[in-house]
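Chemist: what follows is a predicted structure for the sequence shown.
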Amino acid sequence: MKSFNYHAPKDVKDASKLASSSSAFLAGGMTTIPSMKLGLASYKDVIDIKNIKKLSGIKVSGKTVTVGATTKHVEVATSKDVKKAIPALAKLAGNIGDAQVRNRGTIGGSISNNDPSACYPSACIALNAVIHTNKRKIDAEKFFTGMFETALKSGELVEAVEFQIPEKADYQKHPNPASRYAIIGVFVAKHKKDVNVAVTGAKSCVYIDKDLSKKLSSNFSVSAIEGTEVKSSGMNSDMHASAEYRANLVSLYTKKAVEAC
Amino acid sequence: MASLVGSRVERKEDTRFLQGKGRYTADINIANQTYAVFVRSPHARAKIKSVDTSKALKSSGVVGVLTGKEIAEDKIGGLIAGWAIRSEDGSEMKVPANPPLAKDIANFVGEPIAVVFAETLDEAKEGAEKVKVDYKVLKAVVDPAEAMKSEAIHDGVDKNLCYDWLLGDRKAVDEAFAKADKIIKVDLINNRLVPNAMEPRACVVDYNTASEEITLYTTSQNPHLSRLVMSAFGGVAPENKLRVVAPDVGGGFGSKINVYNEEIVCSWASKKIERPIKWVAERTESFLTDTHGRDHVTHAELAVTNDGKFLGFKNETIANLGAYARVFGTVTPTYLFGPCATGVYVIPAAYSNVKAVYTNTAPVDAYRGAGRPEATYTIERLVEKAAMELGMDKTEIRMKNFPTQFPFKQTLVHTVDSGDYVAGLEKAKQMADYAGFEARRKKSEANGKLRGIGVSSYFEACGIAPSAAVMSLGCGVGLWESAEVRFNPTGQISVFTGAHSHGQSHDTTFAQIAADELGVPMENIDVVHGDTDKGTFGMGTYGSRSLTVGGIAIVNACKKIVAKGKRVAAKMLEVNEDEIEFKDGEFVALKSNKKKTIGEVAFACYLPGQRDEMKSPIPEGDEPGLIESSFFDPANFSFPAGSHICEVEIDPETGNVKVEKYTAVDDFGRIVNPMIVEGQVHGGIAQGIGQALHENTQYDETGQLMTASYMDYTMPRADNFPEFNLGFTCTHATSNPLGVKGCGEAGAIASPPTVMNAVIDALGGQEISMPATAEKVWKACKSIKKSNAKAA
Ligand SMILES: Cc1cc2nc3c(=O)[nH]c(=O)nc-3n(C[C@H](O)[C@H](O)[C@H](O)COP(=O)(O)OP(=O)(O)OC[C@H]3O[C@@H](n4cnc5c(N)ncnc54)[C@H](O)[C@@H]3O)c2cc1C
């Protein structure tokens, strides 16, 4: 690891002042620290945001659940409020990686990193989330722009994620047996008007499967999507899973999610 | 006094390990130490055109930089292959030089080229980045099956072939096959595994400029052997000027048998730079450079009669040695594999032919089971397939071919002293509720799942020792073991062993057997190992040999203590020696019933005073003190055996395989500590299930290791296993006085075929290769569905 300056500001203002093109925010460190150790990334300044109180915590209103950026996966997984309002979100958080990762990893780190096989991004787009940053509010569907890429500008800090509470939802995941990231994750959310089927792990970036979403919007049942072919073209093919296998899992887990709703 | 042998004594070592008090090599720091970082080849095969160290030498904190040039100039020897194997045509095996730092050519990703020493670890890393190596990248040879057709990677090693070895009689096999009703054939890949000891390799070297002695603290399974090799072949220092200490070691599984490049380089360099040196591998370095295991490509055939009798067996295997032949690298796929490939069966004719090839991958060496898992996988897949093709019950076909007489002269090499294979399989069937399987299968089917059951009956040759045998098979050293028992004046006992514990619980097991022999509480006994300055000598721990060889040396040394004690007690009690009986720690004069405890006798041995009335307790011809040693060389290997049964359930939609039930019945002879033995079996089964379902080492075609971290290499985890159902049968080994057989590797030997047989059973006989990952199984399920649809 290359040496760097460590900062631990107490508020967002100080954090953003410190930010530059050669800095990184440090949340749970589950991605940042290994990449620094392996020499894949190096920064002049590392800005630890865990001391900023305002960034942590869960708030539930009538229509939304807002999760602060530095809220850990374990906190979402065990929150009574989340379990009541969006049980699928608690389930998702409870199945991320392993206990050690859940005890440190944060929602802000997860979505800012936008790993193509991370779980949270699928919840964000399925639950029509709004990402609050220190500069603006961004709709989830515009936030995740590509592999490890987001709409965040240099130095922009995620403060919270505001999820819309659906009528029903479920998250199904086929874990990578080694890392336990998602080989495939499917988040199905039934809102008042329509249904979102968000898929992670399959392609370079999380996406909504429009075909499945449309069919389920008009008839929210397994029979509505029975026989629907999920195309493997454009899907990832690597040593862990072929595109063909991933396509099979997307269709299978969508059904499972609908069943579980 | 109740015997400690046979009881579930809690592990002495648990206190320190569970409280984080273990002292590992990386915990050792020496004043004024420097930190070593190795510059490693990023290419699988490349000529080293030049190494420029000038920038690195100027880098902040750097104390020294050394390369293959300097180590060659100092005539430091390289790494060695410990066993000489001959080809079928009588020619010697071909072994390329393996210098500690590659000078002219690099042959696998991670091979060390240079080393940088600096005041801090970060400075050493920084310095290492500044070493400029100019490579000419060459086309790598990666696939073992293709190696013989590829360009030779080592000078003088034609076709990349180390040897083409044959054991058995081809003609007899041909004749047997001509008489067969059916020939069963399998093509198997025994997947390469990364050992993944929890503690990465490390070394700390301290050169004493005054005594000129080098002390090497290292993660070794066999410190004495390391010293011998480094001294005799490496020329690092004479043996009396080299002390090797292997303190607590966090797992080895075979990967810490070898003396590695880093240990040789740091020992040599510490003397050169006159500073202590510390090196600790990062996990990536472990993945890249620890010796790997398995990696066979096998075609095997079994000739059978229609009623299920085995007539003949043939085995054609290509074994991947990786880039270099290491200590057990050449024997693992030959004598540790071939003889066991006929399994627990009477097979009148058999041969094993093994072609060992070099490739541009990490060297392959012994890994838990070493050769015997590969052997068991070969024969047990064949037997299971034979049962399927003949329409016989899979246990019946096994029973039918088990030997009934012991000693059992096995087709190739071994004479198995004792065993009862029928009893083991019967017990396993009963414990696994084999009879109730069909009902469970139907239940799974009703839930849309496929259920399969698999059996594997194994035997293995372990307790690797008999010097006469191993040396006749090509071993470069005798594999006896030594012990010394020091009865200290105040009654505590230090037991020195040449074996080394890195997870085997010797502190406990060895104390149990010594306590029984000497009739003293176990708490009075300390087991000392892992330091060439403390114990006499020893060959270390691998091949399930610690108890069957090292343990017996302890027993024999204890017997010598008791024998001397008897003579001393007789003198003290003023009776003849033959009137003394030793029991429960007391020497009793049978007639008078006067007694001396062994503690009193020991005390007397050290204080042979002759004042006033007091007479010396030391009989004429004896010396003071109570210290005895023994070197034990058994008459034979030990042959544990058993039968395992596994049940899996497959979800055809995802291909996920769930191990539902796992039953293991093993015969380890007399068991010293059942709890420790169960722990060994658990670990072995876990590793075997890992091999069968999860672990897969993948190189791409350029020789880059794609599975070089836990993000990509699937280690099995607790939630991958059901509760293991363990049982034991017992026939005593006749080759040692305790009647014990090795237990450390059996779980890893028996389990891969057990699991794969169950998976393949669930798939209706459709063969797939290890590891049976979800995607592979899903594809197999799809093709079954297709062919079923066609049939309908
Ligand atoms: C073994 C393992 C298994 C895992 N399994 C899963 C899984 O199953 N599913 C899953 O979804 N994830 C998984 N993860 C990812 C993990 O859950 C974390 O979410 C992820 O590593 C990043 O979160 P973090 O809080 O640790 O962020 P960090 O590592 O601290 O930061 C990650 C990146 O985000 C930036 N960042 C952090 N916080 C903010 C912020 N508030 N605003 C702007 N930028 C920010 C950082 O600068 C950095 O670039 C796994 C990780 C590991 C190591």
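Modeler: Received, thanks.
Chemist: now the helices for the stretch 101-250 of chain A?
Modeler: Remark: helices assigned in the stretch 101-250 of chain A by DSSP state H, counting those that start in this stretch are A:107-113, A:120-126, A:140-143, A:210-218, A:222-225, A:243-260.
Chemist: and those helices, which is most packed in?
Modeler: Neighbour counts averaged per stretch over those are highest for helix A:120-126, at a mean of 29; criterion: mean count of other Cβ atoms under 10 Å in any protein chain shown. From N, CA and C alone the C-beta is placed, and that goes for glycine too.
Chemist: identify whichever of the helices of the stretch 101-250 of chain A lies nearest to B:Val422.
Modeler: helix A:243-260 (43.6 Å; Cβ to Cβ).
Chemist: does B:Thr731 touch B:Val422 like I think?
Modeler: No - taking contacts as Cβ atoms under 8 Å, B:Thr731 lies outside contact range of B:Val422: 11.5 Å.
Chemist: these two: who's more crowded?
Modeler: Taking neighbours as other Cβ atoms under 10 Å in any protein chain shown, B:Thr731 and B:Val422 compare with B:Thr731 leading, 22 against 16.
Chemist: can you tell me how far that one is from chain A?
Modeler: Taking Cβ to the nearest Cβ, to the nearest Å as the criterion, B:Thr731 is separated from chain A by 39 Å.
Chemist: same thing with B:Ala26?
Modeler: If you measure B:Ala26 against chain A using Cβ to the nearest Cβ, the figure is 16 Å.
Chemist: surely that residue is within a strand?
Modeler: No - counting by DSSP: H, G, I helix; E, B strand; the rest coil, B:Ala26 falls outside a strand, being helix.
Chemist: pretty sure it sits against B:Ala281.
Modeler: No - counting by Cβ under 8 Å, B:Ala281 is not a contact partner of B:Ala26; they are 9.3 Å apart.
Chemist: number of nearby residues for the residue nearest to B:Arg275 when sequence neighbours are not counted?
Modeler: Leaving aside its sequence neighbours, B:Arg275 sits nearest to B:Thr34 (Cβ to Cβ, 6 or more residues apart in numbering or on different chains; 4.9 Å). By other Cβ under 10 Å, the residues close to B:Thr34 number 27.
Chemist: might one say that B:Thr34 is in contact with B:Glu274?
Modeler: No - in this structure, B:Thr34 sits apart from B:Glu274 without contact. The criterion is Cβ under 8 Å, and the distance is 10.3 Å.
Chemist: picking up where we left off before, tell me the phi and psi of the residue nearest to B:Arg275?
Modeler: Phi and psi for B:Thr34, reported as degrees, to the nearest 10, are phi -110, psi 170.
Chemist: what residues are up against it?
Modeler: Contacts were defined as Cβ atoms under 8 Å, 6 or more residues apart in numbering or on different chains; by that measure B:Thr34 touches B:Val63, B:Gly64, B:Phe117, B:Ala118, B:Glu119, B:Ala124, B:Ile273, B:Arg275, B:Pro276, B:Ile277, B:Lys278.
Chemist: again with B:Lys256
Modeler: Contacts were defined as Cβ under 8 Å, 6+ apart; by that measure B:Lys256 touches B:Ala197, B:Arg201, B:Thr219, B:Ser220, B:Gln221, B:Val249, B:His502.
Chemist: phi, psi of it?
Modeler: Backbone dihedrals for B:Lys256, given as degrees, to the nearest 10, come out at phi -110, psi 20.
Chemist: just give the closest residue to it, not the sequence neighbours.
Modeler: Of all residues beyond its chain neighbours, the one nearest B:Lys256 is B:Gln221 (4.6 Å), with distances taken as Cβ to Cβ, 6+ apart.
Chemist: also B:Tyr710?
Modeler: The shortest distance from B:Tyr710 to any residue other than its chain neighbours is 6.2 Å, reached at A:Ala178 (Cβ to Cβ, 6+ apart).
Chemist: how many other residues sit next to that neighbour?
Modeler: Residues lying near A:Ala178 (other Cβ under 10 Å) number 19.
Chemist: I figured it hits B:Asp712, correct?
Modeler: Yes - when contacts are counted by Cβ under 8 Å, A:Ala178 is listed as touching B:Asp712 (5.4 Å).
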